[in-house]
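>>> need a structure here:
(2 chains)
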Amino acid sequence: MKFSVMVNEGPYTHQASDSAYQFIRAALSAGHEIFRVFFYHDGVNNGTRLTTPPQDDRHIVNRWSELASEHDLDLVVCVAAAQRRGIVDPDEAKRNSKDGDNIAPGFRISGLGQLIEAGIESDRLLVFGD
Amino acid sequence: MSKAKKFMYINRHAPCGTVYAVEGLEVVLIGAAFEQDVCMAFVGDGVFQLKQDQDTADTGMKNFSPAYRALGDYEVNRLYVERESLEERGLTEDDLMPLTWEDEDDDWAEKPSIHIVDRAQLSDLIEEQDILLNF
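Next up, the predicted model:
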């Protein structure tokens, strides 16, 4: 089955990102396809590479980047939600005259249309959030 | 593109207090461009999103409630409001914004967008959908 996943909460504060990650790993290992993972609301905070959790805890952001690299996942951060919360890629940094970017490897910033398209193109869209 | 999917946006949060309502509305307005079969549901504190005469001046936050009036122009014209949620909060349909849309197939007659449905009816409507997005 072709799944898309929406993550609506930030890392560590809420379990949504962990649950989405575990679901995707399980789905992939069962042979399913992940069309897209879309990060919205505070979920965009899963896409900053500046995260530094304690060493004895899971690194939620790196875990997403590694999973994306292993399985060629499309991790999309909503641009409007990202701008509000300071998640920036090099293009956005230039466009909005910021002094740096913080997007983590494997993530890209794009529009809400990517979420709707994921709903249209996938067999199921799963929402992880509050 | 294959046949349109049925999208329902389910609004469960009050307009203020969290960002879910305003960012949810942004998804609905962007999603309207995709020509899918779209409706919205308002349940729990979500019914407060449609309250008339919202005034956020003292909170320092933007009053985005006028944007709901644009939904009709985006052909988002089925807004299901759960009757029990209204009653539990001491609200009636008269407390809600009189949202309308113009029916192109009926000489642009102005029609109400808000439909009050009971919990069981809403459950049936949810059952019919392909995509449920919760905000």
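>>> switch to C-alpha atoms for all contacts and neighbour counts from now on
Fine.
>>> Show me what from chain A comes close to chain B.
Proximity of chain A to chain B is confined to A:H41, A:A81, A:L112, A:G113, A:I116, A:G119, A:I120, A:R124, A:L125, A:V127 under the rule C-alpha under 8 Å from any C-alpha of the partner chain.
>>> and which of those residues is nearest A:A30?
Distance to A:A30 across these (C-alpha to C-alpha) is lowest for A:R124, with 15.5 Å.
>>> pretty sure the closest one contacts A:E33?
No: A:R124 is not in contact with A:E33 according to C-alpha atoms under 8 Å; the separation is 10.7 Å.
>>> picking up where we left off before, what's the most distant pair in the residues of chain A next to chain B?
Spatial extent of those (C-alpha to C-alpha) is set by the pair A:A81 and A:R124 at 23.2 Å.
>>> can you confirm A:S4 is in a strand?
Yes: using DSSP: H, G, I helix; E, B strand; the rest coil, the assignment for A:S4 is a strand.
>>> Does it touch A:I120 like I think?
No: assessed by C-alpha under 8 Å, A:S4 is found out of contact with A:I120, at 9.8 Å.
>>> contacts for stretch B:73-92?
With contact meaning C-alpha atoms under 8 Å, 6 or more residues apart in numbering or on different chains, stretch B:73-92 is reached by B:29, B:32-33, B:38-45, B:47, B:71, B:93, B:100-102, B:112-119, B:122.
>>> out of these, which are buried?
Listed as buried from the contacts of stretch B:73-92 are B:29, B:32, B:38-45, B:47, B:71, B:93, B:100-102, B:113-114, B:116-117, B:122; burial here means 16 or more other C-alpha atoms under 10 Å in any protein chain shown.
>>> May I ask which helix or strand encompasses the residue of chain A most remote from its centre?
The outermost residue of chain A relative to its centre, with distances by C-alpha atoms, centre = their mean, is A:S97 at 23.9 Å. Of the helices and strands defined by DSSP states H and E, none includes A:S97.
>>> Distance-wise, check it relative to B:D103.
In this view, A:S97 and B:D103 are 45 Å apart by C-alpha to C-alpha, to the nearest Å.
>>> what residues does the helix ranked longest in chain A touch?
Longest helix of chain A, by residue count under DSSP state H: helix A:16-29. Under the contact criterion C-alpha under 8 Å, 6+ apart, helix A:16-29 has outside partners A:5, A:7-11, A:33-34, A:43, A:46, A:60, A:64, A:128-130.
>>> now, the most widely separated pair of those residues?
Across the contacts of helix A:16-29, no pair lies farther apart than A:E33 and A:D130, at 24.9 Å, counting by C-alpha to C-alpha.
>>> Which one's more surrounded, the two?
With neighbours defined as other C-alpha atoms under 10 Å in any protein chain shown, A:E33 and A:D130 compare such that A:E33 has more, 18 against 12.
>>> Does B:C39 fall in a helix, a strand, or a coil region?
Following three-state DSSP, B:C39 is assigned to strand.
>>> partners of it in the sheet?
Bridge pairing for B:C39 (DSSP bridges) gives the partners B:M8.
>>> Please name the residues that touch it.
With contacts taken as C-alpha under 8 Å, 6+ apart, B:C39 has the following neighbours: B:K6, B:F7, B:M8, B:Y9, B:V76, B:N77, B:R78, B:L79, B:Y80.
>>> nearest to B:Q129, of these?
Looking at the contacts of B:C39 and their distance to B:Q129, the nearest is B:K6, at 5.0 Å (C-alpha to C-alpha).
>>> Local confidence estimate at that closest one?
The score at B:K6 is 97. That number is its pLDDT.
>>> And for A:P54?
A:P54 is assigned a predicted lDDT (pLDDT) of 97.
>>> right, and A:L112 touches B:V28 too?
No: distance between A:L112 and B:V28: 9.5 Å, which falls outside the contact criterion (C-alpha under 8 Å).
>>> The helix ranked longest in chain B close to chain A?
Looking across chain B with DSSP H, the single longest helix is helix B:20-31. Yes: for helix B:20-31, a contact with chain A is found by C-alpha under 8 Å from any C-alpha, at B:Y20, B:E23, B:V27, B:I30, B:G31.
>>> The third one contacts A:G111, correct?
In other words, B:V27. No: when contacts are counted by C-alpha under 8 Å, B:V27 is not listed as touching A:G111 (9.8 Å).
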